[in-house]
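A.B. asks: Kindly generate the corresponding structure for this input.
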Amino acid sequence: MTENEAAVSKAAGDDLPAKEEQGERVSEVESEEDRAIDEIETLKAEAQESQNKYLRSVAEIENLRKRNTRDLEHARKYGIEGLVAAILPVRDSIEAALKAATEDDADSVDIGTLLEGERATLRLLDQALEAAGIAEIDPEGEPFDPECHEAMSMLSSPTAEPNSVITVVQKGYALHGRIVRPARVVVAQAPEEIDRT
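C.D. replies: Okay, the predicted model is just below:
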């Protein structure tokens, strides 16, 4: 073997570990690239899933808003349905009383019977109002309360407590505790002292 061949052989032998090392580095780089590509694909899939969840959430919120708007509209439109159902028998009763009073034999109608029918109708109306949460305010004998009562006038009264209601001119009504119409009342004032000079 010549000197040159020996040098080439030696160089080739020395170069063999370097080529192996370089091959390992190349495969490591390719492996890192593969991992990076896999990670990018995973992140893309997660981003797509997040976007889909976001779009579903937006759609659900929009559907909920529409449903709430529709429910609110129905509540406004049909909220008094229970009151109407409770008042219709009162109307029927009044209509029947008027029919009985205006028939050909109206002279034979007993006034006591009509009065009892009207009392029954009033009871039906009171039950309907109570079922709807409407309470009557009848404050006779109670202290005057400007939140619930409207003073029509004041009268001197030797027997009634000053600033108490002595007469109810018109009853008031409250809906679930909120005043719909205050009671119109006459309020007692202290009797004026007679000047004895």
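A.B. asks: Low-confidence bits of the protein, can you list those?
C.D. replies: When residues are selected by pLDDT under 70, those of the chain lie in 1-23, 26, 104-109, 193-197.
A.B. asks: Domain parsing of it, as residue ranges.
C.D. replies: 1-78, 80-132, 135-191 (automatic domain parsing).
A.B. asks: Now mean neighbour count too, for these, in a markdown table please.
C.D. replies: From N, CA and C alone the C-beta is placed, and that goes for glycine too. Listed next are the domains of the chain as a markdown table, based on neighbours: other C-beta atoms under 10 Å:
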| stretch | mean neighbour count |
| --- | --- |
| domain 1-78 | 10 |
| domain 80-132 | 13 |
| domain 135-191 | 15 |
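A.B. asks: for the lengthiest helix in the chain, the distance to its chain's centre please.
C.D. replies: Identified as the longest helix of the chain according to DSSP state H is helix 3-78. Put simply, helix 3-78 sits 47 Å off its chain's centre (C-alpha atoms, centre = their mean, to the nearest Å).
A.B. asks: and after that helix, which helix or strand comes next?
C.D. replies: With elements assigned by DSSP states H and E, the helix or strand that comes after helix 3-78 is helix 81-102.
A.B. asks: I'd like the distance from that following helix to the chain centre, please.
C.D. replies: Distance, centroid of helix 81-102 to centroid of chain: 32 Å (C-alpha atoms, centre = their mean).
A.B. asks: No further questions, thank you.
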